[in-house]
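Engineer: the following comprises the amino acid sequence and a computationally predicted model.
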Amino acid sequence: MTTDSLMTALRTGLNSFLGLPLQLEPASAPGVVLGVPFDGGVLNRPGARLGPWALRAATLGLGRRPMPLRFQGQEDAHLGEAALDWVDGGNIPTLPFGIPGALEAVEQAVGAWARAGARTLMLGGDHLMTLGALRAHARQHGPLGLLHLDAHPDAGRGGPWGAECHHGTWLRQAIEEKVIDPRRSLQIGLRAPRFDSEELVFLAEAGMRMWTPWDLKDFHLASKLRGDIARVGQGPSYVSLDLDILDPACCPAVAEPVPGGLTVQELVALLRELHRWPAPWVGADLMELAATLPGAEESARAAAHLALHLLA
């Protein structure tokens with residue numbers, strides 16, 4: 001955010017994400033930020049439909065050039081200005097009571113921007129909406145490599161809950177629809193208790209690589225982790241970040257908080273690895289900020305700083 005955009009936001013009461021210029025219709029741009037005000041697929045704690053507003057508000061007055069991670073020793077990579085020449089495309093018009101219509105709206109909006117040559121960053125919003133974005137980018141680029149940062153595997157079946165899909169089923173659907181390449185995909189942060197192991201068996205048989213927070217702390221596995229992250233970026237890729245990857249002490253206002261998660265510092269270090277990819281990701285999202293729950297402002301602020309390191 002520049003000082004000019006800050007003053008405009010203060011005077012009007014309106015602020016875009018990182019002070020980016022508003023561009024509501026798809027147009028040629030390096031990238032676009034799109035809000036997804038929908039939480040109709042959330043099983044437990046609603047409120048994520050208000051996530052886009054909270055995430056934009058959290059960037060008010062925030063500089064767009066991340067601080068170097070180190071002043072002492074060697075810095076691995078230099079980060080420039082985040083979201084250079086990007087635009088804020090406003091919110092995707094997802095109606096609140098219909099999952100199929102919301103998914104279609106996301107697919108259409110993301111697809112229109114992708115066809116215009118833009119990378120996309122979605123602000124959510126429940127995680128099911130990621131499926132619409134994956135469909136749109138796969139139509140443009142073919143099957144995607146996926147970096148999925150989450151406490152949950154999100155590869156369940158909707159039947160037990162009386163619905164075909166919800167925020168815990170989208171990854172299974174993405175694999176079955178072949179919009180992602182599971183052999184070039186990776187999950188980090190998994191730790192939520194399960195009713196059974198069916199999801200994990202399905203993912204392992206599909207070829208997904210899975211890491212828990214405890215795996216990340218094993219220094220013997222550091223080179224394997226770096227290799228798994230690099231494999232995702234060997235072709236068109238998508239990064240999906242459920243904020244419940246963070247420990248609830250860092251980010252409590254999420255739909256399904258799970259103790260034992262990552263710190264912001266640990267997650268920033270992982271996001272820095274993405275800057276080693278030969279080409280940047282084509283799409284990404286920050287999902288499941290439940291802006292009506294306690295700790296929403298602090299959680300949104302943490303998410304805004306993660307976005308800076310994702311975009312710089």
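Structural biologist: Yep, it's here. Everything numeric in this text was worked out from a predicted model, so none of it was measured.

Engineer: helix or strand next in line after the least confident helix or strand in the chain by mean pLDDT, which one?
Structural biologist: When the helices and strands of the chain are compared on mean pLDDT, DSSP states H and E, helix 3-12 comes out lowest with a mean of 66. Where DSSP states H and E defines the elements, the next helix or strand beyond helix 3-12 is strand 31-36.

Engineer: which other residues reach the next helix or strand after that following strand?
Structural biologist: Counting by DSSP H and E, the next helix or strand C-terminal to strand 31-36 is helix 51-58. For helix 51-58, contacts defined as CB atoms under 8 Å, 6 or more residues apart in numbering pick out 15-17, 35-37, 88, 91, 123-125, 286-291, 296-297, 300-301, 303-304, 307. All C-beta atoms are positioned from the backbone trio N, CA, C, and that covers glycine.

Engineer: quick one: low-confidence ranges for the stretch 51-200 of the chain?
Structural biologist: The model of the stretch 51-200 of the chain has pLDDT under 70 over residues 75-79, 158-163.

Engineer: show me where it has helices.
Structural biologist: 51-58, 99-115, 130-141, 170-176, 198-206 (DSSP state H, counting those that start in this stretch).

Engineer: adding mean neighbour count and distance to residue 233, write the ones you listed out as TSV.
Structural biologist: Compiled in TSV, these are given as follows (neighbours: other CB atoms under 10 Å; distance: least, CB to CB, whole Å):
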stretch	mean neighbour count	distance to residue 233
helix 51-58	24	25
helix 99-115	20	18
helix 130-141	23	13
helix 170-176	22	18
helix 198-206	16	19
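
Engineer: may I see these arranged in TSV, with distance to residue 157 as well?
Structural biologist: Formatted as TSV, the helices of the stretch 51-200 of the chain follow (distance: least, CB to CB, whole Å):
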stretch	distance to residue 157
helix 51-58	26
helix 99-115	15
helix 130-141	14
helix 170-176	7
helix 198-206	8
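
Engineer: ok, which of those comes nearest residue 220?
Structural biologist: helix 198-206 (21.1 Å; CB to CB).

Engineer: using CSV, write out every CA atom in stretch 27-34.
Structural biologist: Taking Å, rounded to 0.1, in the frame of the first residue of the first chain, the C-alpha atoms of stretch 27-34 are listed here in CSV:
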residue,chain,number,x,y,z
ALA,A,27,-8.6,-7.2,-18.1
SER,A,28,-5.0,-7.7,-18.9
ALA,A,29,-2.9,-7.6,-15.7
PRO,A,30,-0.1,-9.6,-14.1
GLY,A,31,-2.5,-10.7,-11.3
VAL,A,32,-5.8,-10.1,-9.5
VAL,A,33,-7.0,-10.5,-6.0
LEU,A,34,-10.6,-11.9,-5.7
